[in-house]
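In: Next comes the sequence, and after it the predicted model I'd like to discuss.
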Amino acid sequence: MATTQPTPSPYDAAHDLPTQPPPADRSPAGAQWPANAHYTATDGGAGVTADSLQAWQHHRGEFGTFVRADVADVAGSAGPPNAGWPGAALVAPTLVLTDGGRQLALNGTPCGFDGEGPRGTARILIQEGLLTVLVALTAITSRHQVTAHRTAAAP
């Protein structure tokens, strides 16, 4: 009887990333990245919204409740550059979701305009419970940087 091997995700290679911090000069002015910044999981870094949504869905089970989301427009940076992406010195994530200790970095989910990428970002933030539909659709399409924190539920 033949056994089948699980089909590897196209994102498995991006999952095992180096843990060295990125060069400090690649961070935006005023950014305060942790000295040991690295990502638990990522997409392929190509800036494709469908790839980012697929990576989010594929890796979601590896994380607890996301408590913070940092979003930037395509010219900005939501976190330090990812050493595991092609052209890593120039590619920074547009969305970083944090569950308290681990981070999921995505590059095809920006903010700052009305388009496929920001709509993908809004979808993720709404489904993760970090923003309401109205706030997500308004803030993600009109702002160049957004930070969302999970607040404690009312008693």
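Out: Sure, I can see it.

In: tell me which element Thr138 is part of?
Out: For Thr138, the host element (DSSP states H and E) is helix 133-142.

In: what comes up buried for that helix?
Out: Neighbour counts over helix 133-142 (16 or more other CB atoms under 10 Å) mark 136-137, 139-141 as buried. Where you see a C-beta, it was placed from the backbone N, CA and C, and this is true even at glycine.

In: Can you name every helix or strand that that helix contacts?
Out: helix 116-127 (3 or more CB pairs under 8 Å, 6 or more residues apart in numbering; DSSP states H and E).

In: which residues touch the helix it packs on?
Out: For helix 116-127, the external contacting residues (CB atoms under 8 Å, 6 or more residues apart in numbering) are 47, 49-50, 52-53, 56, 69, 71, 74, 94-95, 97, 106, 108-112, 131-133, 136-137, 140-141, 148.

In: doesn't Leu95 make contact with Val74?
Out: No. Using CB atoms under 8 Å as the test, Val74 is too far from Leu95 to be in contact (11.4 Å).

In: Need the overlap of contacts for the two.
Out: What both Val74 and Leu95 touch, as defined by CB under 8 Å, 6+ apart, is the set Pro110.

In: Which one's more surrounded, those two?
Out: Leu95 (28 against 17; other CB atoms under 10 Å).

In: ok, now how distant is that one from Arg123?
Out: 11 Å (CB to CB, to the nearest Å).

In: Read off the pLDDT value for Arg150.
Out: Arg150 carries a pLDDT value of 84.

In: The nearest residue in space to it that is not next to it in sequence: what's it in contact with?
Out: Nearest non-adjacent residue to Arg150, counting by CB to CB, 6 or more residues apart in numbering: Val67, 4.5 Å away. Neighbouring residues of Val67 by CB under 8 Å, 6+ apart: 98-100, 149-150.

In: Now do Gly45: how many residues are near it, please.
Out: 24.

In: And the helices in the protein, which stretches?
Out: Counting by DSSP state H, the chain has these helices, from start to end: 12-15, 49-59, 116-127, 133-142.

In: Those helices into a markdown table, with extra columns for distance to Thr42 and mean pLDDT?
Out: Compiled in a markdown table, the helices of the chain are given as follows (distance: least, CB to CB, whole Å; pLDDT from 0 to 100):
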| stretch | distance to Thr42 | mean pLDDT |
| --- | --- | --- |
| helix 12-15 | 5 | 34 |
| helix 49-59 | 7 | 95 |
| helix 116-127 | 14 | 96 |
| helix 133-142 | 20 | 92 |
